[in-house]
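Visitor: From the sequence below, what's the structure:
(chains A, B and C)
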Amino acid sequence: MLEPAPFFALENITKRYGGVHALRNVDFACSRGSIHAVLGENGAGKSTLMKIMAGVVQPDEGSMILEGVPVTFPTPSAANRAGIVCIFQELSLMPELTVADNITLSSPPRRFGFIDGRAQRRRSEELLARVGCEDINPLSRVSDLPLSRRQLVEIAKALGRDPKLLILDEATSALTSTDVDSVYRMLFELKARDLSILYISHRMHEIEALADRCSVFRNGRHIETFAKGVRSNDEIIGLMIGREIEGQFPEKPKRPRPAPLITIRDLCWENHLKGIGLEAGRGEIVGLGGLDGQGQKELLLALFGVLRGVRGTVTIDGQPMLPSSPRAAKGGRARMALVPEDRKSEGLILSMSIADNIAMASLDRLSHGTFIDPGRTRQAVERAIEQLRIKIGSAGDPVATLSGGNQQKVVIAKWLATDPDVILLNDPTRGIDVGTKHEIYRLMRELAEEGACILFYSTDTEELIGCCDRVAVIYDGRVVRELDGDAITERNLIASALNIVERREPVHV
Amino acid sequence: MSDTVLAPAAAEPKKKTLRWGDGLSLRWRKHAGILGALALFLVLYLFYQMSHPRGFTGQILIQNANEVFALALVSMAQTVPVLMAGLDLSVGAVMTLVGCIASHLVDGSPTDIALGIVACIAAGATCGFVNGCVVVYGRIQPIIATLATSAIYMGLALILRPTPGGKVQEDLSWAVASDVHEFAATFGLFDDGEATWLQPFAWIPVPLVLLALIILVIWVPFTRSVMGRTVYAIGSSETAAYMSGLPINRAKLAAFTLAGLFAGLGGLFLALQTSSGNADIPQAGAYTLNSIAAVVIGGTSLLGGTGSAIGSMIGAMVLRTISFNFRIFDVAPLLQPLFEGLVLLAAVSIGGLKLLRLKNRLEIFR
Amino acid sequence: MSRRVNATTALWGLRLDPDDKPVAFAVGFVMLILLIGTGYTLYTQGSAPLLQPQYLLQQLQVGSFLGIVAAGLMLVILLGHIDLSVPWTLTAAAMIATAVGGPWAIPAGIGVGLVVGMVNGLGVAYLRVPSMIFTLGMNAVMRGLMVAHTGGFAPQTAATDLMQYLAVARIGDMIPAALLVWLAVSVAVVAILTRTTLGRSIYAIGNRERAAYLSGIDTNRVILVTFALSGAAAGLAGVLLAGYSTKAYQGMGDAYLLPAIAAVVIGGTNILGGRGRYLGTLVGVILIVLLNSVLSIMQMLEAGRQIIYGCVIISMLLVYGRGARVTG
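Guide: Here you go, the predicted structure:
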């Protein structure tokens, strides 16, 4: 097979966030007229790679070569001008503006200096038609569209910038199968027009159907690039996992499964939760596995009383308990705690002090009536800082001054101060350094030993294997498989996350 | 394994070709706020006209239009910063200051008058531009920045007019505050306003004509410019606007300048209509606060990104019509604020009902 | 992020941190005002009334009404909201207090403020109406109700003796009673902000309501209570002001809203909420009051005053109130 000349090449790229390597010495190249799939687990460095290519972040080391010429992209618009357009996972549409306004936002068609509404509408219709969305009216407001349609609008917007290299980062995650088909058609058409396309996806069959070449990333390294069909799905999964499990996790106690403390039956909410059933007892760490966005976060939020209109039953010690607010959840029959998804906007108040943040959830326990007891608060804060070994200058400093790992420790400390029975963890180790991760694993085990019941959602399969007594793999709002003890393996986890658990034969489209 | 794509449970409306009526209904929906306000206004105004003891006359229409004009423009001025999720507390002060300037300058020979009018318009725009500079380069919150500049503008107005007074050219004063026919007659246009083709329009009050002109000549082009688009984009998501490479600072300056211009036009008219200037602090404050109410009634979100100056103009008409109604029903005119307040509270509280539909309580906090 | 909060100063001992900067600047400015004013009087009259304790106490007595309003308003601004209903809440409280009379006059006045504040809180917290617009509407409603109540005339009823005593009396011929009331309110606000769960919750909501909610804080209730407190403070100010002028009158609250906002902001409180110390507000009020009195000693015309107000606010904020640049 003749290798086409690379269109865009990255050489020796390294990117660190704090002390964490997101990418290490990565070489990568893509060519015109091909669809190149990028594979890897969450946190393998794919997204960082895309962000560097699109000018959103700058690499610490390394160089980029576009059509033989070295380039740097200080801003996203610089990358756009060079013909590199990225569709990110987080949508970048303006919800209050119309579809047409959004599609032509940065360079609207103009007549006599004024935006030509009709031309803008025609252009939007053209672009929407190319992604198979003739039914979206360019005049509708983006906020009125369902998520899947927005994703297509996002693709249309990217096409409108006339890309030479189009990067799709999980751009089909919310699409229905019909929509996916039209996106496929569009991508093939673009390929025929000699565009270079990078495609990130977790869905094996999509990659099968689309890609000409595949690159596997793992732990910030580029592992291997191969043409489609060279490797079987099993081999690809093997490459994605590929690492030995280091002795970084505390030992799991061997003992019979405890009586359930919390029992969840048939929990439903909107179309995110479709009848979740799960049990967890004191002393247990129960993992929630699966791909991103299958309802794990919603499950935790539902248990914590954030969601409205949750159906199903949750019992604690046999007593029904479905809290109606976080306040009820933390003060109920069993005290619950939630370490939320986004520590910067949900877990912490960055501009307030470390001490204020640690005391935030347990103020009622630290006060007499309405007055905060300064002595007890200081003690509690000092105890928490000591217990979690949070590295700080002074407890009066704003949390914003701490590193990511220490910030996450503050979130955990805040909830430990409430002495919780049920601890809900939403990906608590995302974006923090290895050392702190180990401390968090050890702490989780200690808390379980002391009688807490822990529900642990993680996007990192290694963690689920190392930490959990049991793992419930969630797919499309349901628990599709529960793995116990030795059955918790990477292969089982990934296979059930892709919902291909029942079939052992190679995957076909 | 044939399909791991989301199950059909997440089925969306299937493909359908665009129906002809779709565009129309979407345009209607886009302007739902304005249309709601318009309906409210029409109901209130019809009610007023029908209950009026002297029935519908051109004189009443002219009087109403004169009373609406200044508030309508001040409300349109307020709309622009609100679209960017800001607020301009100086619109009333700018209106007053320009009014005081007009009471000095708009008199004498036709050239003097023309120059005076140009100076007034420029003064309004300058005040707005200064606001914009303080907000953009001083990086001070718009609400506080304009609170401070409004004091300065009021001070300047007081220097110009320590006591109410002044004078504008009488013909002009008469002409702009009457109907098209009188306007033409005063200036000897179109056979003194007797031209046959003019007759169908002769009854229209001049202030309404001016309002329509201002919207057509200033507002509509603005919304179609990249600046206008950027103003909406900033209100929708300032970060995303920045990421899209839009000219944020220039758009903010333009927005405040436009606000100053609108407020200045309001002040100019007020001076023409009353033939005097009056640096009345409570009146300026009342105009500012009423402008916020008019903006909200007109369907513009205080959170920015959506709305229109046209809606605010109608909002101002609604507010004024409420007081017209009071006048004829001989309710103590001092009771007016109570009902104005209740209408406002009722209008905005209805919006609160949509919270009941939110399934994820975190969305309440945006 | 340069926004910082230090509600824990009381817990962790006094340290100079970024929050002290506005206070230091405002104090410096107060000194400057006194200096300029004294220089002026020395030059024109050969005396220095501004430095006489009697004169200063007199000014503070007048300033205590503004101080009480600003204290309540600050709580609301810390939440990230605003209370534009202050003028007529204050007036309504004054009118109802004088109308009720007798021993229940003062509780009735404060109660009016409390109720108005609670309605504001209900609208802002539970209906999520922007506070700017809801409190504006409440202001109009209160104005309408009071006009209906009085028939549009100045009420004929007089302030009770106790109200007058609180507003004008001098304890030991020296300390104005009104000043003591202001002091009591100040102590209460400081206690709320630094020592109570309510205060901590106010800062948390002002910074990030989402995180506060997920920490199990009943954010709606906190908003409700805070607005009620602000209303009660306005009510108290109204009661005192009625005592000071022996009666209530139309529009008596109009002169209090904007100076109170200015005082709070000059004192370093972020208008978007979440950051600010009461000490700053206190100094801000003193600054406004002294600025006022020096300007009247100088017989400055209203026009000049307005301009000087505006310039002072802008220049103080340019020094320390600037926001962060917008970047990705």
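Visitor: all strands of the stretch 251-366 of chain B, in order?
Guide: Here the stretch 251-366 of chain B has no strands by DSSP state E, counting those that start in this stretch.
Visitor: Excluding chain neighbours, what is closest to whatever residue of it ends up closest to chain C?
Guide: Distances between the stretch 251-366 of chain B and chain C by C-beta to the nearest C-beta are smallest at residue B:338, namely 2.0 Å. Using the backbone N, CA and C atoms, a C-beta is placed for each residue, glycine as well. Excluding its sequence neighbours, the residue lying closest to residue B:338 (C-beta to C-beta, 6 or more residues apart in numbering or on different chains) is residue C:144, at 2.0 Å.
Visitor: Pull the number of nearby residues for that neighbour.
Guide: 21 (other C-beta atoms under 10 Å in any protein chain shown).
Visitor: Help me confirm that it comes into contact with residue B:337.
Guide: Yes. Residue C:144 is within contact range of residue B:337, at 4.2 Å (criterion: C-beta atoms under 8 Å).
Visitor: count of residues packed around the residue of the stretch 251-366 of chain B closest to chain C?
Guide: Burial of residue B:338 is recorded as 20 neighbouring residues (other C-beta under 10 Å).
Visitor: list the contacts for it?
Guide: C:140-141, C:143-145, C:147-148 (C-beta atoms under 8 Å, 6 or more residues apart in numbering or on different chains).
Visitor: Then residue A:195?
Guide: With C-beta under 8 Å, 6+ apart, residue A:195 has these contacts: A:32-33, A:163-166.
Visitor: Which of the residues you listed sits closest to residue B:91?
Guide: Taking C-beta to C-beta as the measure, residue B:91 lies nearest residue A:163 of the contacts of residue A:195, at 44.2 Å.
Visitor: ok, now how distant is residue C:70 from residue C:284?
Guide: Per C-beta to C-beta, to the nearest Å, residue C:70 is found 7 Å from residue C:284.
Visitor: which residues are common contacts for these two?
Guide: Jointly contacting residue C:70 and residue C:284 under the rule C-beta under 8 Å, 6+ apart are C:263-264.
Visitor: The residue nearest to residue C:123 when sequence neighbours are not counted: neighbouring residues, count only.
Guide: In this structure, residue C:123 finds its nearest non-sequential neighbour in residue C:134, 4.1 Å apart by C-beta to C-beta, 6+ apart. Residues lying near residue C:134 (other C-beta under 10 Å) number 28.
Visitor: Assign the residue positioned nearest the centre of chain A to helix, strand or coil.
Guide: Central residue of chain A (C-alpha atoms, centre = their mean): residue A:292, 5.5 Å from the mean position. Of the three states, residue A:292 takes coil under DSSP: H, G, I helix; E, B strand; the rest coil.
Visitor: ok, the closest residue to it other than its chain neighbours - how many residues close by?
Guide: Excluding the flanking residues, the one nearest residue A:292 by C-beta to C-beta, 6+ apart is residue A:459, at 5.9 Å. Residues near residue A:459, counting by other C-beta under 10 Å, number 19.
Visitor: And for residue B:114?
Guide: With other C-beta under 10 Å as criterion, residue B:114 counts 11.
Visitor: Same question for residue C:53.
Guide: Neighbours of residue C:53 (other C-beta under 10 Å): 8.
Visitor: what do you get for residue A:127?
Guide: By other C-beta under 10 Å, 22 other residues sit near residue A:127.
Visitor: Kindly report the same for residue A:446.
Guide: Neighbours of residue A:446 (other C-beta under 10 Å): 12.
Visitor: How is it assigned, secondary-structure-wise?
Guide: helix.
Visitor: how close does it sit to chain C?
Guide: 23 Å (C-beta to the nearest C-beta, to the nearest Å).
Visitor: swap in residue A:350?
Guide: 6 Å.
Visitor: related to what we said a few turns ago, just the buried ones among the contacts of residue A:195, please.
Guide: A:32, A:163-166 (16 or more other C-beta atoms under 10 Å in any protein chain shown).
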